[in-house]
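J.: requesting a structural model of the entry that follows:
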Amino acid sequence: MRRALVVSCALAVVLGGLAACGSDETPNPIRTVAPQRTASSASPDPDIYKKGKGCDLLTASERKSIAGEKLDTVTPGLVIRGALQCRWVRTLSTPRTIILRVTSQERRVWVKQLPKLIDNLTVSGRADSKYSGRLQAIKRAAVNDPKSISDKEACEYFSLFVEISQSKKNRTQGILVQGTQYGDYTISWQRCSNGVHTELVYEEPGLQVSLALAQAVIRLGKAAHRRALDQLG
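T.: Residues are numbered from 1 along each chain as shown. So this is what the prediction gives:
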């Protein structure tokens with residue numbers, strides 16, 4: 001069974017306090033974005049990451065700063081067409097290795113995922129009945145007229161998912177610790193602003209969550225998001 005442990009700046013008892021979570025707002029837990037992916041995931045095109053600009057979202061020194069060693073090998077992962085993506089691993093010899101993945105999507109790409117995200121929220125039982133009408137309206141718009149959804153609205157939907165999951169309003173970023181199929185954990189950070197959604201995921205065998213690690217994930221996530229805004233904005 002997959003394990004999930006949600007951590008946020010509000011849960012100081014878990015991480016010893018996240019005073020450096022960000023000057024603009026406190027990241028909140030998010031459970032509603034893309035499912036966890038591992039080193040065993042395959043891509044339809046093994047070179048698609050290398051051909052794209054997603055690998056420019058993080059520098060070599062930034063990747064080393066979180067992994068403690070060089071993390072330069074690019075390997076395939078689940079591809080989202082139209083998104084900026086890259087996935088680095090320490091080694092290809094085993095699926096249990098250090099993995100760093102970043103994905104940034106502009107609004108026209110991200111809204112295509114809204115119906116599935118809404119279905120997941122509904123099936124999980126996390127969406128209270130008071131949200132049902134709004135969620136179904138968002139789903140209809142995403143299915144029937146996705147071009148009508150503005151950048152501002154797309155990020156408002158993201159904030160709504162956070163509100164539904166964690167009862168926190170007007171939040172645009174969050175951090176999550178989640179179990180993998182190998183019994184390890186990943187830690188991820190997500191943000192939506194100006195119609196661009198970015199997710200950064202770090203996985204390491206025997207991962208131990210700490211304040212320093214959470215701060216590093218947030219720092220790299222913000223750096224990647226800034227570069228994504230430059231590329232996609």
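J.: what are the structural domain limits within this structure?
T.: 4-106+170-232, 110-166 (automatic domain parsing).
J.: could I get those as TSV with mean neighbour count?
T.: Quick note: C-beta positions are derived from backbone N, CA and C, even for glycine. Shown next, in TSV, are the domains of the chain (neighbours: other C-beta atoms under 10 Å):
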stretch	mean neighbour count
domain 4-106+170-232	18
domain 110-166	16
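J.: least reliable of those going by mean pLDDT?
T.: The weakest mean pLDDT among these belongs to domain 4-106+170-232, with a mean of 75.
J.: residue contacts, the residue nearest the centre of the chain?
T.: For the chain, the residue nearest the mean C-alpha position is E199 (2.7 Å; C-alpha atoms, centre = their mean). Applying C-beta atoms under 8 Å, 6 or more residues apart in numbering, one finds that E199 lies in contact with V33, A34, R101, V102, T103, S104, S188, W189, Q190, G221.
J.: and stretch 203-218, how far out from the chain middle?
T.: Distance of stretch 203-218 from its chain centroid, counting by C-alpha atoms, centre = their mean, to the nearest Å, is 15 Å.
J.: for the lengthiest helix in the chain, C-alpha coordinates in PDB please.
T.: Using DSSP state H, we find that the single longest helix of the chain is helix 211-232. Taking C-alpha atoms only, helix 211-232 is exported to PDB below (Å, rounded to 0.1, in the frame of the first residue of the first chain):
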ATOM      1  CA  LEU A 211      14.100  21.000   7.500                       C
ATOM      2  CA  ALA A 212      17.200  21.400   5.300                       C
ATOM      3  CA  LEU A 213      15.800  19.000   2.700                       C
ATOM      4  CA  ALA A 214      12.400  20.700   2.600                       C
ATOM      5  CA  GLN A 215      14.100  24.100   2.200                       C
ATOM      6  CA  ALA A 216      16.300  22.800  -0.600                       C
ATOM      7  CA  VAL A 217      13.300  21.400  -2.500                       C
ATOM      8  CA  ILE A 218      11.500  24.700  -2.100                       C
ATOM      9  CA  ARG A 219      14.600  26.700  -3.300                       C
ATOM     10  CA  LEU A 220      15.000  24.500  -6.400                       C
ATOM     11  CA  GLY A 221      11.300  24.500  -7.100                       C
ATOM     12  CA  LYS A 222      11.200  28.300  -7.000                       C
ATOM     13  CA  ALA A 223      14.300  28.500  -9.300                       C
ATOM     14  CA  ALA A 224      12.700  26.100 -11.800                       C
ATOM     15  CA  HIS A 225       9.400  28.000 -11.700                       C
ATOM     16  CA  ARG A 226      11.100  31.300 -12.400                       C
ATOM     17  CA  ARG A 227      12.900  29.900 -15.400                       C
ATOM     18  CA  ALA A 228       9.600  28.200 -16.600                       C
ATOM     19  CA  LEU A 229       7.900  31.600 -16.400                       C
ATOM     20  CA  ASP A 230      10.600  33.100 -18.600                       C
ATOM     21  CA  GLN A 231      10.300  30.300 -21.200                       C
ATOM     22  CA  LEU A 232       6.500  29.900 -21.100                       C
END
